[in-house]
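Asks: Predicted coordinates and the sequence they were generated for:
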2 protein chains.
Amino acid sequence: MTFQKRAHKILELLEAFGEVEIRQLSSKIGVSEVTVRRDLTTMAANGLLYRTHGGAMKISEVIKPVSFANKAAVNLKAKDAICRRAAADIMDNDVIFIDCGSTAFRLCQFIKNKKIKVITNSLPVVNELQHSAVAVNLIGGEVDTARQAVHGTMAKEHIARYHASKAFLGVDGITAEGLYAGSEQEASNTLAMASQSDCVYMLCDASKIGKTSYLKFNDLSLVNILVTNYNGTDLTNFESKGLSVYSVTD
Amino acid sequence: MTFQKRAHKILELLEAFGEVEIRQLSSKIGVSEVTVRRDLTTMAANGLLYRTHGGAMKISEVIKPVSFANKAAVNLKAKDAICRRAAADIMDNDVIFIDCGSTAFRLCQFIKNKKIKVITNSLPVVNELQHSAVAVNLIGGEVDTARQAVHGTMAKEHIARYHASKAFLGVDGITAEGLYAGSEQEASNTLAMASQSDCVYMLCDASKIGKTSYLKFNDLSLVNILVTNYNGTDLTNFESKGLSVYSVTD
DNA sequence: TTTAATTCGATCAAATTTAATCATAATCAA
DNA sequence: TTGATTATGATTAAATTTGATCGAATTAAA
């Protein structure tokens, strides 16, 4: 029984039931659980299914990533406190990147009267800065409706053409080991913006600190300054890795 | 019972009742209250629901999706008639350019269910096609607040990287002598899109026919098809220059 | 305002699942 | 056949998930 055949069988069962358990698969296919687990890992990496604990689900059954508007309402106070502190570092004539995260979006309200240039892939940011003193450069590419953002190869190339003094970015999770993203696209975008900036600000409310996500895309060296409302003792872990930490209270 | 399954159940109940209590969820799903609490926390962090004391609520739809102001509702009937006719020529799998004019914007409503790709520099177009079958590619560059559009060198380069089967464009004025634009930027954008398209549709309500403006940027050879509600005898002037004319009535 | 009752978040322990390591079996090329 | 590469299965340590407990925080009532 080759991997191809097993994969076919797994997808068949998945189509029929919507979800499967490793134990079932093992007995139905006649291979060990270890092998099934390996198969599922491979298939999940190829986007053929969604891995759960003890089994797998059809991709279509997975709760979808939530719209930007909904996410923006979470942890509002903390996000605003973080952004107020970050905005204090922005000077007239700065050129800054703002990514498509819901945290960085809250930065807009604090920079409306600054004479700066903002380069962003976030549609809400563009909209928010519409009638302000800020000059906006919008990154082009494929429009991602769910994230209200622009991604893709063209976006990456666009970013590579520009250079900013500061970048204000978010991540899905951050630990002493590195940075975690919720999707390849977010990771790619974060890397692209960071590499074109003199100083990278990471804006993370407390829920992001110590959290990992499925995609670790870089170590902490990417970041210069961490702005957060988290104030646990393990913040020193970040400082010992060379990050400056701005601690704020909400 | 995995988290994904529980999340499904919770959202289902939330949809049905608008709000749920932890105790209900615990007994209905068959897991401890601690686990339900953890699930709700996670889901709230993802913006899937609002956390309340002792339970959760459905997210209200009050947070409005980003909406761009819709400019000049002039000659609406004529523009809609023109766009309905133009849309009839758009087939599934087409890749089309739509420019930032107020006429071309009206095209959106007629293409929402088509399986096509739209490349545009117009923010209202992006917004309008947000939740449709259409895949949108947004042109990057400097945001022009007044025109709700993207312009500049970067935009021009972006357009040059793509190719479309059809372009749907507007102008400030059109005569037998050529095409007139209201600004350098509009002219530059029109030229760029036209040069990358197999077939150029010019969408002009009657007020544009025979009108000149301060910048004549090209002769009529740029255009393949003129769609208009104008029906004067001098339309033959355009046809004699090689244009096809679609005449519509509003 | 004070008090009582819930609810929450943090911590811990048990059970399960996973990832990593290694040894064995199968496959393939020369 | 031999040697090398790959796939599989067994074993074990690490990580996740879950539920229980208890002080802290929040809500409701007096």
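Replies: Structure's in. What do you need? Remember, predicted model here, so these are calculated numbers, not experimental data.

Asks: And the pLDDT for A:Ala176?
Replies: With respect to pLDDT, A:Ala176 scores 84.

Asks: Leaving out the residues flanking it, which one is nearest to it?
Replies: A:Asn237 (4.2 Å; C-beta to C-beta, 6 or more residues apart in numbering or on different chains). Using the backbone N, CA and C atoms, a C-beta is placed for each residue, glycine as well.

Asks: quick one: what helix or strand has the one you found in it?
Replies: helix A:235-240 (DSSP states H and E).

Asks: how about that helix: buried residues?
Replies: In terms of neighbour count (16 or more other C-beta atoms under 10 Å in any protein chain shown), helix A:235-240 has its buried residues at A:Leu235, A:Asn237, A:Phe238.

Asks: what's the burial count for the closest residue to A:Asn113 other than its chain neighbours?
Replies: Among residues not flanking A:Asn113 along the chain, A:Ala133 sits closest, at 5.4 Å (C-beta to C-beta, 6+ apart). Other residues near A:Ala133 come to 12 when the count uses other C-beta atoms under 10 Å in any protein chain shown.

Asks: Then A:Thr228?
Replies: A:Thr228: 24 neighbours (other C-beta under 10 Å).

Asks: which residues pair with it across the strands?
Replies: A:Thr228 has these beta-bridge partners by DSSP bridges: A:Cys204, A:Ser247.

Asks: Can you name the residue of chain A nearest to chain B?
Replies: Residue nearest to chain B within chain A (C-beta to the nearest C-beta): A:Gly140, separated by 2.4 Å.

Asks: Could you pull up phi and psi at A:Ala16?
Replies: Dihedral angles of A:Ala16 (phi, psi; degrees, to the nearest 10) stand at phi -70, psi -40.

Asks: Now do it, the pLDDT please.
Replies: For A:Ala16, pLDDT reads 93.

Asks: Likewise for A:Val74?
Replies: Predicted confidence (pLDDT) for A:Val74: 69.

Asks: can you list the domain ranges for chain A.
Replies: Split into domains by automatic domain parsing, chain A comes to A:3-61, A:68-247.

Asks: quick one, which of these is packed in tightest?
Replies: Comparing these by mean neighbour count (mean count of other C-beta atoms under 10 Å in any protein chain shown), domain A:68-247 comes out on top with a mean of 20.

Asks: Spell out whether it and DNA strand C are in contact.
Replies: No - Domain A:68-247 does not reach DNA strand C (C-beta under 7 Å from any atom of the strand); its nearest approach is 8.2 Å.

Asks: thinking again about what came up before, I'd assumed A:Glu177 was in contact with the residue nearest to A:Ala176.
Replies: No - assessed by C-beta atoms under 8 Å, A:Asn237 is found out of contact with A:Glu177, at 9.6 Å.

Asks: how about low-confidence regions in chain A?
Replies: A:64-67, A:69-70, A:73-74, A:214, A:250 (pLDDT under 70).

Asks: Please list the residues of it that sit near DNA strand D.
Replies: Counting by C-beta under 7 Å from any atom of the strand, chain A sits next to DNA strand D at A:Met1, A:Thr2, A:Phe3, A:Arg6, A:Val31, A:Ser32, A:Val34, A:Thr35, A:Arg38, A:His53, A:Thr212.

Asks: from the residues you listed, which is closest to B:Asp94?
Replies: Nearest to B:Asp94 among these is A:Phe3, at 39.3 Å by C-beta to C-beta.

Asks: and the one residue in chain A that gets nearest to DNA strand C, what is it in contact with?
Replies: With C-beta to the nearest atom of the strand as the measure, A:Gly54 is the residue of chain A nearest to DNA strand C, at 3.9 Å. Going by C-beta atoms under 8 Å, 6 or more residues apart in numbering or on different chains, A:Gly54 touches A:Glu21, A:Ile22, A:Arg23, B:Thr2.

Asks: now the helices: where do they sit in chain A?
Replies: For chain A, the helices defined by DSSP state H cover A:3-17, A:22-29, A:33-45, A:68-72, A:76-87, A:102-105, A:108-111, A:123-128, A:153-160, A:184-195, A:235-240.

Asks: which helices and strands sit right next to the last one?
Replies: This means helix A:235-240. strand A:244-247 (3 or more C-beta pairs under 8 Å, 6 or more residues apart in numbering or on different chains; DSSP states H and E).
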